[in-house]
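[1] Predicted model and sequence below, questions to follow.
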Amino acid sequence: MTMIESESLPRYVVPGIEVSLLAHQVAMESRWDDLQEVVLTAGTGTGKTLAAFLPGLRRGESLIAAYPTNALLRDQAESIVQLAARCGKTGKIIRPEDGLGYQDTSDLEIVPIDGPALEAGRERLGVRRKGEVLDSLLTVSGRPKIVLTNPDVLYLLAAMCYRDSQSAIARLAMYRTLVLDEFHLYSGLELARLLYLVHLLRFFAGAAGPGLRLTMLSATPRPEVLNLLRESFPVLHEISPDVVVNGYQQVGLHTTVHPIRFCTELLGLRSEDAEEPGRGIVQWVVRFLGTQRESLRSLRAQCGARTVPALVFINSAVQAVRIEQSLLASGWTEAELGSVRGLMSQRERRWQEKTVVIVTAAAEVGIDFDCRLLVTEITELGPFIQRLGRSGRHAESEAVLVGQAGSPGLMGLSEELRRRPETLARREFLSLAASSFPVADANAEFACSWEGVFAAVSLTDHILARVAADYGADSGARSRIRDVLLERERAYFASWQSRRGATLPDLARLHSRVRRDMQRASEGKSLAHGWTKMYTDNFPSFRAQTLQVTVHDQQEAQRRREPTYRADLRTLARWARLGNSHAFTKGVGFRIQIHGYEDSPQQYFVLLHQPHDWPQTQDWPPDGLFWIGTEVNLRSRILTATLVSETSNGRFPGPFPPTDDPVLALVLPRSHLDSLGFDWRLQTWPLRRMVGTSRDAQARVVLLGDQCLLARNRLGNGTD
């Protein structure tokens, strides 16, 4: 057992502010009027939200904040009401689903906006289009407004995917600050899109207003991402809790993290843990929580609704389901167990007033758990720090890191802790973790590749397509808009390139080459880049694409919970216990029935159908990027495929892919995939040339979704 010491930061008095502030909060407040681009790096519990929102609240500014998850943005609404109260202001939460007619005397409006909320608002108001709701919600009249949303909504807004987008975009001029919270969660494809999206939003806002200040928040930024931000933003300021603030009176210390009793548990060292892969963690968690049952129940009876006596982080949603089932079988009740994970309806994600809460990566950010016992499965460095940050926020806590003996990071950290004193400063502990744990690649340089530039400028192309289809505008206006947007796009990459080293890829030249290739493809002059026109025509979402299926889960129904949810196809094909009642519903799509999840994975593979007129001069399977859809189109490189199994399950129910739009694909030798080091658990399938042949399924895999752009770049064959 290692005791991780508490951590405290000095508090300062700032004239005109009733609450004392930490150094980074003082720096944000005192420099606010001069800041245009700032990244704030501060650990969990150190008041990043206060630092980002306080200056604007005091100045009566309106701002937009983007969060990576809907759960986080909704949780933050209540937090900002409390923050406003600390500043002597009253805030009212305006929810689209509750309607927009209201009268009150609050000082500011707080509006959480996500896709489901816009749809609920459309139905509540009886209007035809989500864009009308969004336009009304973004309108600022009379008092400041804080809009809490996600990058997906902003991406669709910028791309003019909502009707009335032009009017909603014009509302951006009413806002002064754009906050991007948990910035470290964006990497690769999403990071490339986000950087260009920010550029466009600031351009739109500045066209008729003072422009958007950019504030980025992170607890665990990766060095390569910080370097990318320094290149991208010419006047970037970096602020952290170590910032020096002069001229302010210190008035004591604020405890940001309380002591944590930390230990590791190596599975597989005892016979009962030496089971088939993945089952050891289930049995150990159930056994361990059983030994803590009475103390956890006693703590539950003594504490408030937001206190979580035991919080259990599991890497796999399937394993989380198994743990819940095993806990119920061992005597825990439904009333005692909470869940925040996938493979369940979002409406059933509950954690308040629960004794044990089972969570996955969905809970790594945002929710302010008052956790007293943290159990976390071994993971990479960034997620580990985020999970550890759920512990010790409000009181002394205990944390257990568990994993199979020999797991990277776990063995190294265990050995280091045995050689150290029983009590460690928090920074020393985190330094040990950083030297022991594997670190995920942020793929930051992808934004500076042919594929990264292409992923960014496809947003411009979609805007231009919507402008071209606006028959209410004369041809001269459409031409001027096109010229302005393309010039802004060119200037974006040229400006970025001016801050890059001479030895790095030239972004201005890359941009010119991407535009040339896209133009040739649109004119039908480049079969090699024929897939690019299909990509821009089928405008991708902000997120990296995953194949989702609607599920009716009988096991959830037996627990008297909402049985319908969306789940990724890869998980379902590998683990779902399929039922027999599958149906297609207009407006909903195909829905499959399952009865929970199997103990052992199933083996499905993609059978790629070779067209009868496939050119003899081209390799099979296809070399380079292509599409899988419902109908063959060789000019656009669209092929068809089936998802089948060697077992009695046969063909997986429903169409493949389970979407109306084609899905980008790339065939790779398995050896290449392994060498790339990607986590393709949700996107990779064994590839078969024909039914009944098993040998070639082990040699090749097919990647699905627009993450294929990242693979193409990493393989070095994307620079044409």
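    Thanks, I have it.

[2] could you list every residue that touches residue 163?
    Contacts for residue 163 (CB atoms under 8 Å, 6 or more residues apart in numbering) come out as 129, 130, 131, 132. C-betas here are computed from N, CA, C, even on glycine.

[3] Could I get the residues you listed in CSV, plus columns for pLDDT, distance to residue 639 and secondary structure?
    Shown next, in CSV, are these (pLDDT from 0 to 100; distance: CB to CB, whole Å; DSSP: H, G, I helix; E, B strand; the rest coil):
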residue, pLDDT, distance to residue 639, secondary structure
129, 85, 35, coil
130, 88, 34, helix
131, 86, 35, helix
132, 87, 40, helix
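
[4] could I get those as JSON lines with neighbour count and distance to residue 221?
    Listed next are the contacts of residue 163 as JSON lines, based on neighbours: other CB atoms under 10 Å; distance: CB to CB, whole Å:
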{"residue": "129", "neighbour count": "14", "distance to residue 221": "38"}
{"residue": "130", "neighbour count": "22", "distance to residue 221": "33"}
{"residue": "131", "neighbour count": "22", "distance to residue 221": "34"}
{"residue": "132", "neighbour count": "19", "distance to residue 221": "38"}
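
[5] now for those, which pair is the farthest apart?
    Farthest apart among the contacts of residue 163 by CB to CB are 130 and 132. That separation is 7.2 Å.

[6] shared neighbours of those two, anything?
    Shared contacts of residue 130 and residue 132 (CB under 8 Å, 6+ apart): 122, 163.

[7] those helices in the stretch 301-450 of the chain, which residues are they?
    317-329, 381-388, 410-419, 426-436, 450-468 (DSSP state H, counting those that start in this stretch).

[8] what's in contact with the fourth one?
    This means helix 426-436. Residues contacting helix 426-436 (CB under 8 Å, 6+ apart): 2, 4-7, 257, 262, 381, 384-385, 409, 412-413, 416-417, 420, 424.

[9] So which bits of that helix are buried?
    426, 429, 430, 432, 433, 436 (16 or more other CB atoms under 10 Å).

[10] low pLDDT regions in the stretch 151-300 of the chain?
    Residue ranges of the stretch 151-300 of the chain with pLDDT under 70: 208-209, 269-279.

[11] about what we covered before: out of the buried residues of helix 426-436, which is nearest to residue 476?
    Nearest member of the buried residues of helix 426-436 to residue 476, counting by CB to CB, is residue 430, at 59.1 Å.

[12] How confident is the prediction for that closest one, by pLDDT?
    In the predicted model, residue 430 carries a pLDDT score of 93.

[13] follow-up on the earlier one: buried ones only from the contacts of helix 426-436, please, as a PyMOL command.
    In PyMOL, a selection of the buried entries from these looks like this (16+ other CB under 10 Å):
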select buried, resi 2+4+5+6+7+257+262+381+384+385+409+412+413+416+417+424
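
[14] how about the helices of the stretch 301-450 of the chain in TSV, adding distance to residue 632?
    TSV is the format used below for the helices of the stretch 301-450 of the chain (distance: least, CB to CB, whole Å):
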stretch	distance to residue 632
helix 317-329	35
helix 381-388	42
helix 410-419	49
helix 426-436	50
helix 450-468	24
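
[15] of all the ones you listed, which lies closest to residue 69?
    helix 381-388 (12.4 Å).

[16] Not counting the closest one itself, show me its contacts.
    By CB under 8 Å, 6+ apart, helix 381-388 touches 44, 184, 219-220, 222, 260, 313, 361, 364-365, 374, 376, 378-379, 399, 401, 409, 430, 433-434, 437-440.

[17] Identify those among these that sit within strands.
    Using DSSP state E, 260, 313, 374, 376, 399, 401 are the members of the contacts of helix 381-388 that sit in strands.

[18] Pretty sure the fourth one sits against residue 310.
    What it means is residue 376. No - counting by CB atoms under 8 Å, residue 376 does not reach residue 310; the two are 11.5 Å apart.

[19] what's the spacing between the closest residue to residue 196 other than its chain neighbours and residue 93?
    Setting aside the residues directly before and after it, residue 196 is nearest to residue 456 in space (CB to CB, 6 or more residues apart in numbering), at 3.7 Å. Separation of residue 456 from residue 93 (CB to CB, to the nearest Å): 34 Å.

[20] More neighbours: which of those two?
    residue 456 (24 against 17; other CB atoms under 10 Å).

[21] mind checking pLDDT for the more buried one?
    Taking residue 456 on its own, its pLDDT is 92.

[22] Against residue 158, how distant is the closest residue in space to residue 119 that isn't next to it in sequence?
    Once flanking residues are discounted, residue 119 sits nearest to residue 130: 6.5 Å by CB to CB, 6+ apart. Look at residue 130 and residue 158: by CB to CB, they are 15 Å apart.

[23] repeat for residue 383
    30 Å.

[24] And those two? Which one has more around it.
    residue 158 (26 against 21).

[25] helices and strands around the strand or helix carrying residue 168, which ones?
    Here residue 168, judged by DSSP states H and E, is contained in helix 165-170. Under the contact definition 3 or more CB pairs under 8 Å, 6 or more residues apart in numbering; DSSP states H and E, helix 165-170 sits against helix 130-138, helix 151-158.

[26] May I have the shortest one as CSV, with CA atoms only?
    Output in CSV follows, covering the C-alpha atoms of helix 151-158 (Å, rounded to 0.1, in the frame of the first residue of the first chain):
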residue,chain,number,x,y,z
PRO,A,151,-18.1,19.4,-31.8
ASP,A,152,-20.6,17.4,-33.8
VAL,A,153,-23.3,20.1,-33.6
LEU,A,154,-20.7,22.8,-34.4
TYR,A,155,-19.4,20.8,-37.3
LEU,A,156,-22.8,20.3,-38.8
LEU,A,157,-23.6,23.9,-38.3
ALA,A,158,-20.4,25.1,-40.0
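
[27] Now for the closest residue to residue 354 other than its chain neighbours, how many residues are close by?
    If you skip the residues right next to it in sequence, residue 354 has residue 338 as its closest partner in space, 3.3 Å away by CB to CB, 6+ apart. By other CB under 10 Å, 21 other residues sit near residue 338.

[28] domain parsing for this structure?
    In terms of domains, the chain is parsed into 12-248, 258-436, 449-529, 548-714 (source: automatic domain parsing).

[29] Serialize the ones you listed to CSV and add fields for distance to residue 535.
    Formatted as CSV, those follow (distance: least, CB to CB, whole Å):
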stretch, distance to residue 535
domain 12-248, 12
domain 258-436, 27
domain 449-529, 6
domain 548-714, 7
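
[30] Figure out which of those is closest to residue 542.
    Judged by CB to CB, the one of the domains of the chain that comes nearest to residue 542 is domain 12-248, at 3.9 Å.

[31] where's the closest one relative to the chain centroid, distance-wise?
    Counting by CA atoms, centre = their mean, to the nearest Å, domain 12-248 is centred 17 Å from the centre of its parent chain.

[32] show me where the stretch 51-200 of the chain has strands.
    For the stretch 51-200 of the chain, the strands defined by DSSP state E, counting those that start in this stretch occupy 63-66, 91-93, 108-112, 145-149, 177-180.

[33] a markdown table please, covering those strands and showing distance to residue 52.
    A markdown table is the format used below for these (distance: least, CB to CB, whole Å):
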| stretch | distance to residue 52 |
| --- | --- |
| strand 63-66 | 8 |
| strand 91-93 | 15 |
| strand 108-112 | 14 |
| strand 145-149 | 11 |
| strand 177-180 | 5 |
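
[34] what's the next secondary structure element after the helix or strand bottoming out on mean pLDDT in the chain?
    Ranked by mean pLDDT, DSSP states H and E, the weakest helix or strand in the chain is helix 670-676, scoring a mean of 73. As assigned by DSSP H and E, the chain's next helix or strand after helix 670-676 is strand 684-688.

[35] Show me what that next one packs onto, helices and strands only.
    Strand 684-688 packs on strand 604-609, strand 700-704, going by 3+ CB pairs under 8 Å, 6+ apart.

[36] deepest of the ones you listed, which one?
    Among these, strand 700-704 has the highest mean neighbour count (mean count of other CB atoms under 10 Å), at a mean of 23.

[37] Cool, thanks, signing off.
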